[in-house]
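Colleague: how would this look folded up:
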Amino acid sequence: MQKKILRSNWKNYVFSLGVLSILIISNVCGGNWGMAASSAEKDYVNRVRAGIRSKTPNSKIILTNSFWKNHDKFNAMVKSIATERNLPLVGLTDRSDNPANMAYGLFENTRVAAHPGDKEMEGTANRILASLGNSSKPPRAFSRYLSFSIMNVESGDYYLPLMEKAAAAGVNSFLLNVNWDHIVPTRGANPDWSQVDKQAELAEQLGCKIMLRVWLARHDDGDGGWWPENVRPISGEGIRNKLVNGFSYSASSAVDEANNFLRTVMEHFRARQQAGQIVTVSTV
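Modeller: Numbering: from 1, shown residues only. The predicted structure follows:
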(Lines give C-alpha, C1' and ligand atoms only; values in the text may rest on other atoms or scores of the structure.)
Protein backbone atom coordinates (compact mmCIF):
# COMPACT_ATOMS: atom_id res chain seq x y z
CA MET A 1 0.00 0.00 0.00
CA GLN A 2 1.50 3.27 -1.04
CA LYS A 3 0.74 6.96 -0.62
CA LYS A 4 -2.36 7.40 -2.77
CA ILE A 5 -3.97 4.17 -1.60
CA LEU A 6 -3.96 5.69 1.87
CA ARG A 7 -5.97 8.66 0.72
CA SER A 8 -9.58 8.90 -0.44
CA ASN A 9 -9.65 5.62 -2.41
CA TRP A 10 -8.09 3.47 0.32
CA LYS A 11 -11.42 2.61 1.95
CA ASN A 12 -12.64 1.17 -1.36
CA TYR A 13 -10.02 -1.56 -1.19
CA VAL A 14 -9.65 -2.43 2.49
CA PHE A 15 -12.81 -2.76 4.50
CA SER A 16 -13.59 -2.69 8.23
CA LEU A 17 -10.81 -4.28 10.24
CA GLY A 18 -10.91 -5.35 13.87
CA VAL A 19 -7.22 -6.15 14.32
CA LEU A 20 -4.51 -5.33 11.79
CA SER A 21 -1.02 -6.72 12.27
CA ILE A 22 1.60 -4.95 10.17
CA LEU A 23 4.62 -7.05 9.23
CA ILE A 24 6.92 -4.48 7.67
CA ILE A 25 9.97 -6.59 6.92
CA SER A 26 10.56 -9.55 4.65
CA ASN A 27 13.23 -10.19 2.02
CA VAL A 28 15.78 -7.48 2.74
CA CYS A 29 19.55 -7.62 2.67
CA GLY A 30 20.36 -8.09 6.32
CA GLY A 31 21.51 -5.66 8.98
CA ASN A 32 23.43 -3.45 6.53
CA TRP A 33 20.41 -2.64 4.40
CA GLY A 34 20.80 1.07 3.73
CA MET A 35 17.15 2.14 3.92
CA ALA A 36 16.50 0.22 7.12
CA ALA A 37 17.24 3.06 9.53
CA SER A 38 16.58 6.00 7.23
CA SER A 39 14.20 8.78 8.18
CA ALA A 40 12.46 8.37 4.80
CA GLU A 41 11.68 4.73 5.54
CA LYS A 42 10.44 5.57 9.02
CA ASP A 43 8.29 8.35 7.60
CA TYR A 44 6.82 5.91 5.08
CA VAL A 45 5.84 3.42 7.79
CA ASN A 46 4.26 6.21 9.83
CA ARG A 47 2.26 7.34 6.80
CA VAL A 48 0.99 3.79 6.31
CA ARG A 49 -0.04 3.67 9.96
CA ALA A 50 -1.72 7.08 9.78
CA GLY A 51 -3.59 6.14 6.62
CA ILE A 52 -4.91 2.95 8.20
CA ARG A 53 -5.92 4.81 11.34
CA SER A 54 -7.76 7.49 9.36
CA LYS A 55 -9.84 4.94 7.44
CA THR A 56 -10.38 2.37 10.18
CA PRO A 57 -10.24 4.41 13.41
CA ASN A 58 -11.49 1.58 15.62
CA SER A 59 -8.95 -0.98 14.49
CA LYS A 60 -6.18 -2.12 16.81
CA ILE A 61 -2.80 -1.83 15.08
CA ILE A 62 0.01 -4.17 16.09
CA LEU A 63 3.58 -4.02 14.77
CA THR A 64 5.91 -7.00 14.46
CA ASN A 65 9.63 -7.11 13.93
CA SER A 66 11.65 -9.43 11.69
CA PHE A 67 11.42 -13.21 11.86
CA TRP A 68 15.00 -13.46 10.62
CA LYS A 69 18.19 -12.52 12.45
CA ASN A 70 20.60 -9.73 11.43
CA HIS A 71 17.96 -7.04 10.95
CA ASP A 72 18.98 -5.00 13.97
CA LYS A 73 18.70 -1.60 12.29
CA PHE A 74 15.24 -2.27 10.98
CA ASN A 75 14.05 -3.80 14.25
CA ALA A 76 15.29 -0.72 16.10
CA MET A 77 13.30 1.51 13.75
CA VAL A 78 10.12 -0.52 14.27
CA LYS A 79 10.65 -0.43 18.03
CA SER A 80 11.05 3.35 17.98
CA ILE A 81 7.80 3.73 16.02
CA ALA A 82 5.99 1.48 18.49
CA THR A 83 7.33 3.52 21.40
CA GLU A 84 6.58 6.91 19.85
CA ARG A 85 3.06 5.93 18.78
CA ASN A 86 2.25 3.76 21.79
CA LEU A 87 1.63 0.71 19.61
CA PRO A 88 2.02 -2.94 20.68
CA LEU A 89 5.14 -4.59 19.29
CA VAL A 90 5.22 -8.37 18.94
CA GLY A 91 8.73 -9.81 18.71
CA LEU A 92 9.25 -12.66 16.25
CA THR A 93 13.04 -12.83 15.85
CA ASP A 94 13.54 -15.50 18.52
CA ARG A 95 11.24 -17.86 16.63
CA SER A 96 13.86 -18.29 13.90
CA ASP A 97 16.05 -20.07 16.46
CA ASN A 98 13.96 -23.20 15.94
CA PRO A 99 14.50 -24.79 12.47
CA ALA A 100 11.13 -26.53 12.85
CA ASN A 101 9.49 -23.14 12.34
CA MET A 102 10.87 -22.96 8.81
CA ALA A 103 9.83 -24.80 5.66
CA TYR A 104 12.84 -27.11 5.53
CA GLY A 105 12.16 -30.33 3.63
CA LEU A 106 9.41 -28.77 1.53
CA PHE A 107 11.60 -26.95 -0.99
CA GLU A 108 14.84 -27.90 -2.70
CA ASN A 109 16.11 -24.33 -2.61
CA THR A 110 17.49 -23.81 0.90
CA ARG A 111 16.90 -20.05 0.84
CA VAL A 112 13.24 -20.59 0.00
CA ALA A 113 12.99 -23.30 2.65
CA ALA A 114 14.35 -20.85 5.25
CA HIS A 115 11.06 -18.95 5.11
CA PRO A 116 8.47 -19.46 7.87
CA GLY A 117 6.46 -22.66 7.43
CA ASP A 118 2.91 -23.52 8.48
CA LYS A 119 3.98 -24.13 12.07
CA GLU A 120 5.52 -20.67 12.28
CA MET A 121 2.46 -19.02 10.73
CA GLU A 122 0.36 -20.58 13.46
CA GLY A 123 2.95 -19.64 16.08
CA THR A 124 3.01 -16.03 14.88
CA ALA A 125 -0.79 -15.85 15.02
CA ASN A 126 -0.84 -17.29 18.54
CA ARG A 127 1.78 -14.80 19.72
CA ILE A 128 -0.23 -11.91 18.28
CA LEU A 129 -3.40 -13.24 19.93
CA ALA A 130 -1.52 -13.56 23.20
CA SER A 131 -0.52 -9.90 22.96
CA LEU A 132 -4.23 -9.10 22.80
CA GLY A 133 -4.82 -11.03 25.99
CA ASN A 134 -6.33 -13.96 24.11
CA SER A 135 -4.12 -17.01 23.65
CA SER A 136 -7.07 -19.23 22.79
CA LYS A 137 -8.93 -19.54 19.51
CA PRO A 138 -10.44 -16.39 17.96
CA PRO A 139 -13.94 -15.56 19.22
CA ARG A 140 -15.60 -16.43 15.93
CA ALA A 141 -15.04 -19.19 13.42
CA PHE A 142 -12.68 -18.41 10.57
CA SER A 143 -12.48 -20.20 7.27
CA ARG A 144 -9.32 -22.18 6.69
CA TYR A 145 -7.79 -22.33 3.24
CA LEU A 146 -5.47 -24.83 1.63
CA SER A 147 -4.02 -22.78 -1.19
CA PHE A 148 -2.11 -23.65 -4.35
CA SER A 149 0.26 -20.92 -5.55
CA ILE A 150 0.14 -19.90 -9.22
CA MET A 151 3.29 -17.84 -9.86
CA ASN A 152 2.35 -17.07 -13.48
CA VAL A 153 5.91 -17.21 -14.76
CA GLU A 154 4.63 -19.42 -17.60
CA SER A 155 2.31 -17.95 -20.21
CA GLY A 156 -1.00 -19.03 -21.69
CA ASP A 157 -3.13 -21.82 -20.20
CA TYR A 158 -0.21 -23.69 -18.65
CA TYR A 159 -1.62 -23.54 -15.12
CA LEU A 160 -5.26 -24.43 -15.81
CA PRO A 161 -4.79 -28.25 -15.75
CA LEU A 162 -2.70 -27.88 -12.59
CA MET A 163 -5.51 -25.94 -10.94
CA GLU A 164 -8.00 -28.67 -11.79
CA LYS A 165 -5.71 -31.35 -10.33
CA ALA A 166 -5.09 -29.27 -7.20
CA ALA A 167 -8.81 -28.74 -6.60
CA ALA A 168 -9.46 -32.46 -7.08
CA ALA A 169 -6.78 -33.14 -4.45
CA GLY A 170 -8.53 -30.94 -1.89
CA VAL A 171 -7.21 -27.41 -2.47
CA ASN A 172 -9.93 -24.82 -1.81
CA SER A 173 -8.14 -21.61 -2.85
CA PHE A 174 -5.55 -20.32 -5.28
CA LEU A 175 -2.87 -17.69 -4.71
CA LEU A 176 -2.72 -15.93 -8.07
CA ASN A 177 0.26 -13.77 -8.97
CA VAL A 178 -0.72 -10.66 -10.90
CA ASN A 179 2.67 -9.83 -12.39
CA TRP A 180 2.95 -6.25 -13.54
CA ASP A 181 5.59 -7.11 -16.12
CA HIS A 182 3.26 -9.72 -17.68
CA ILE A 183 0.07 -7.64 -17.57
CA VAL A 184 1.80 -4.57 -19.02
CA PRO A 185 5.05 -5.80 -20.63
CA THR A 186 6.11 -2.45 -22.13
CA ARG A 187 5.26 1.16 -21.52
CA GLY A 188 2.16 2.24 -23.38
CA ALA A 189 0.87 -1.31 -23.91
CA ASN A 190 -2.74 -2.13 -23.09
CA PRO A 191 -3.14 -4.41 -20.06
CA ASP A 192 -3.53 -8.10 -20.96
CA TRP A 193 -5.70 -9.77 -18.31
CA SER A 194 -6.47 -12.90 -20.32
CA GLN A 195 -4.33 -15.31 -18.31
CA VAL A 196 -5.41 -14.27 -14.80
CA ASP A 197 -9.04 -13.85 -15.90
CA LYS A 198 -9.14 -17.45 -17.13
CA GLN A 199 -7.62 -18.58 -13.85
CA ALA A 200 -10.11 -16.58 -11.78
CA GLU A 201 -13.01 -17.97 -13.82
CA LEU A 202 -11.77 -21.55 -13.41
CA ALA A 203 -11.30 -21.02 -9.66
CA GLU A 204 -14.93 -19.90 -9.43
CA GLN A 205 -16.09 -22.94 -11.41
CA LEU A 206 -14.10 -25.19 -9.07
CA GLY A 207 -15.67 -23.56 -6.01
CA CYS A 208 -12.34 -22.14 -4.84
CA LYS A 209 -11.49 -18.76 -3.36
CA ILE A 210 -8.78 -16.45 -4.71
CA MET A 211 -5.88 -14.75 -2.97
CA LEU A 212 -4.34 -12.06 -5.16
CA ARG A 213 -0.63 -11.26 -4.95
CA VAL A 214 0.17 -8.15 -6.97
CA TRP A 215 3.82 -8.41 -8.00
CA LEU A 216 5.15 -4.87 -8.40
CA ALA A 217 8.83 -5.85 -8.54
CA ARG A 218 9.27 -6.16 -12.27
CA HIS A 219 11.71 -8.77 -13.54
CA ASP A 220 14.53 -7.80 -15.86
CA ASP A 221 12.71 -6.48 -18.94
CA GLY A 222 13.80 -7.17 -22.49
CA ASP A 223 13.44 -3.48 -23.38
CA GLY A 224 16.38 -2.61 -21.15
CA GLY A 225 14.49 -2.17 -17.91
CA TRP A 226 11.29 -0.41 -16.91
CA TRP A 227 12.73 1.81 -14.18
CA PRO A 228 15.29 4.54 -14.83
CA GLU A 229 18.57 4.01 -13.07
CA ASN A 230 17.95 6.85 -10.60
CA VAL A 231 14.84 5.24 -9.04
CA ARG A 232 16.24 1.73 -8.49
CA PRO A 233 17.14 0.96 -4.86
CA ILE A 234 20.56 -0.21 -3.73
CA SER A 235 21.72 -1.74 -0.46
CA GLY A 236 23.78 0.11 2.11
CA GLU A 237 26.83 -1.60 0.58
CA GLY A 238 26.02 -0.27 -2.88
CA ILE A 239 24.73 -3.60 -4.21
CA ARG A 240 21.96 -3.52 -6.82
CA ASN A 241 19.75 -6.53 -7.52
CA LYS A 242 20.03 -7.22 -11.24
CA LEU A 243 17.24 -9.81 -11.53
CA VAL A 244 14.29 -7.88 -10.15
CA ASN A 245 13.72 -4.22 -10.98
CA GLY A 246 12.27 -2.71 -7.83
CA PHE A 247 11.91 0.97 -7.08
CA SER A 248 12.90 3.27 -4.26
CA TYR A 249 10.15 4.60 -1.98
CA SER A 250 11.90 7.97 -2.13
CA ALA A 251 11.19 8.21 -5.88
CA SER A 252 7.69 9.70 -5.83
CA SER A 253 7.12 9.22 -9.56
CA ALA A 254 7.84 5.49 -9.26
CA VAL A 255 5.64 5.16 -6.17
CA ASP A 256 2.79 6.91 -7.98
CA GLU A 257 3.21 4.67 -11.02
CA ALA A 258 3.17 1.49 -8.93
CA ASN A 259 0.18 2.86 -7.05
CA ASN A 260 -1.71 3.43 -10.27
CA PHE A 261 -1.13 -0.16 -11.38
CA LEU A 262 -2.26 -1.47 -8.00
CA ARG A 263 -5.40 0.64 -8.27
CA THR A 264 -5.99 -0.71 -11.79
CA VAL A 265 -5.72 -4.28 -10.50
CA MET A 266 -8.21 -3.63 -7.70
CA GLU A 267 -10.67 -2.02 -10.10
CA HIS A 268 -10.31 -4.94 -12.50
CA PHE A 269 -11.15 -7.46 -9.76
CA ARG A 270 -13.68 -5.27 -7.94
CA ALA A 271 -16.68 -7.41 -8.93
CA ARG A 272 -15.04 -10.62 -7.70
CA GLN A 273 -13.97 -8.95 -4.47
CA GLN A 274 -17.48 -7.65 -3.81
CA ALA A 275 -18.90 -11.09 -4.60
CA GLY A 276 -16.69 -12.59 -1.87
CA GLN A 277 -14.52 -14.68 -4.16
CA ILE A 278 -11.32 -12.80 -3.28
CA VAL A 279 -10.34 -13.25 0.35
CA THR A 280 -6.92 -11.54 0.54
CA VAL A 281 -4.83 -9.10 -1.49
CA SER A 282 -1.10 -8.57 -0.97
CA THR A 283 1.62 -6.71 -2.85
CA VAL A 284 5.25 -7.64 -3.40
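Colleague: in the stretch 101-250 of the chain, which spans are helices?
Modeller: For the stretch 101-250 of the chain, applying DSSP state H, counting those that start in this stretch gives helices covering 110-113, 118-131, 160-168, 180-183, 194-205.
Colleague: and the fourth one, what does it pack onto?
Modeller: To tie it back to what came earlier, the one meant is helix 180-183. When contacts are defined as 3 or more CB pairs under 8 Å, 6 or more residues apart in numbering; DSSP states H and E, helix 180-183 packs onto strand 209-215, strand 218-219, helix 252-268. Bear in mind the C-beta positions are built from the backbone N, C-alpha and C, glycine included.
Colleague: returning to what we had before: out of the helices of the stretch 101-250 of the chain, deepest packed?
Modeller: Across these, averaging neighbours per residue (mean count of other CB atoms under 10 Å) puts helix 180-183 on top, at a mean of 21.
Colleague: looking only at pLDDT, what's the mean for it?
Modeller: The predicted model gives helix 180-183 an average pLDDT of 91.
Colleague: Could you point out which residue ranges in the stretch 51-200 of the chain have low pLDDT?
Modeller: Applying pLDDT under 70 to the stretch 51-200 of the chain flags the ranges 55, 134-142.
Colleague: can we see that at 80?
Modeller: Low-confidence segments of the stretch 51-200 of the chain (pLDDT under 80): 51-60, 70-74, 132-143.
Colleague: ok, back up a step: switch the helices and strands packed on helix 180-183 over to JSON lines; also include distance to Arg47 and mean pLDDT.
Modeller: Listed next are those as JSON lines, based on distance: least, CB to CB, whole Å; pLDDT from 0 to 100:
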{"stretch": "strand 209-215", "distance to Arg47": "19", "mean pLDDT": "94"}
{"stretch": "strand 218-219", "distance to Arg47": "24", "mean pLDDT": "72"}
{"stretch": "helix 252-268", "distance to Arg47": "11", "mean pLDDT": "91"}
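Colleague: can you redo those as CSV with mean neighbour count and distance to Asp72?
Modeller: Shown next, in CSV, are these (neighbours: other CB atoms under 10 Å; distance: least, CB to CB, whole Å):
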stretch, mean neighbour count, distance to Asp72
strand 209-215, 20, 29
strand 218-219, 18, 30
helix 252-268, 17, 27
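Colleague: Next, format those as a markdown table and append distance to Val153.
Modeller: Compiled in a markdown table, those are given as follows (distance: least, CB to CB, whole Å):
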| stretch | distance to Val153 |
| --- | --- |
| strand 209-215 | 10 |
| strand 218-219 | 9 |
| helix 252-268 | 18 |
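Colleague: Ser80 is nearest to which of the ones you listed?
Modeller: Ser80 lies closest, by CB to CB, to one member of these: helix 252-268, at 23.1 Å.
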